[in-house]
Structures are given as structure tokens and as C-alpha cells.
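[1] I would like the atomic coordinates for the input below:
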Amino acid sequence: QAQLVESGGGLVQPGGSLRLSCEASGGTFSRYAMAWFRRAPGKEREFVARISQTGSITDVVGSAKDRFTISRDNAKNTMHLQMDRLKPEDTADYLCAAAADSVIGGTTFRSYDYWGRGTQVTVSS
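    Coordinates of the predicted model:
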């Protein structure tokens with residue numbers, strides 16, 4: 001069973017950058033398809049990005065496709081989300097998710113078996 005811990009959130013001005021990390025323990029990290037979701041106040045959990053077990057397949061939500069990059073390092077049991085040119089509408093709690101024994105997970109939260117507690121990202125001047 002995977003335990004996921006996010007880090008790297010914070011307060012940043014519009015146009016700035018942040019790099020989120022998700023560290024996994026328990027289970028075999030390379031067997032998990034991974035993803036990032038976000039949850040803004042009063043809104044549903046929203047898919048942000050996903051990555052396959054080996055990292056060869058990635059997918060980012062359209063609103064962030066040219067600004068966010070997802071990656072993983074299976075040797076270090078970590079996943080990252082590089083976020084550039086941040087906008088106020090990116091403000092949310094960002095959650096890491098893992099799907100067991102899936103080459104790549106879906107874009108809905110039901111596709112994932114394990115979740116972290118989240119790291120807050122606030123984009124404001």
C-alpha cells in the first residue's frame with residue numbers, strides 16, 4: 001500500500017514558478033501510474049496531469065499544457081510537477097495520486113487508489 005507525501009507548494013506571484021514533489025513509500029513505485037489533481041475552494045477535484053509507470057507517457061490538462069510538466073524518478077520514488085507561468089486560477093490544493101498496477105491512470109479521481117494530503121499553491125500578487 002502506497003503512502004504519498006506532497007511538498008513544494010507555497011505563495012507565488014502571477015508568472016512565477018513552483019516545482020511540486022510527491023514522495024512515495026510502500027509498495028513498488030514503478031508499478032504505480034501517477035497523477036496530480038487539484039482542488040480549489042468550492043470546486044470539485046480536477047485532473048491536472050498524469051504519467052505512466054515508466055514515465056514514457058505523459059498528459060497535462062489543456063489549460064496548463066504549455067506551462068506544466070510532469071515527470072518521475074523511479075529510482076528515487078518521486079514524482080514532480082514543474083509549474084511555470086502560474087496564473088491566479090491555478091490556486092488550489094494539489095494532490096498526488098497513485099493507481100496500482102496500471103500502465104497509466106485515467107483522468108478521473110476514481111481511477112486512483114492512493115492519495116496524498118495535498119500541498120497548497122497560492123498564486124497572488
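[2] And what about the spatially most central residue of the chain, helix, strand or coil?
    Nearest to the mean C-alpha position of the chain, by CA atoms, centre = their mean, lies residue 36 at 2.3 Å. What DSSP: H, G, I helix; E, B strand; the rest coil gives for residue 36 is strand.
[3] Show the contacting residues for it.
    20, 22, 48, 49, 50, 70, 79, 81, 94, 95, 96, 97 (CB atoms under 8 Å, 6 or more residues apart in numbering). From N, CA and C alone the C-beta is placed, and that goes for glycine too.
[4] Just the closest of those residues to residue 10, please.
    Nearest to residue 10 out of these is residue 20 (CB to CB; 9.8 Å).
[5] pretty sure that closest one is touching residue 10, no?
    No. Residue 20 is beyond contact range of residue 10, at 9.8 Å (criterion: CB atoms under 8 Å).
[6] Pick out whichever of those two has more residues nearby.
    Neighbour count, other CB atoms under 10 Å: between residue 20 and residue 10, residue 20 has more, with 23 against 13.
[7] Pretty sure residue 10 sits against residue 18.
    Yes. Under the criterion of CB under 8 Å, residue 10 makes contact with residue 18 at 6.4 Å.
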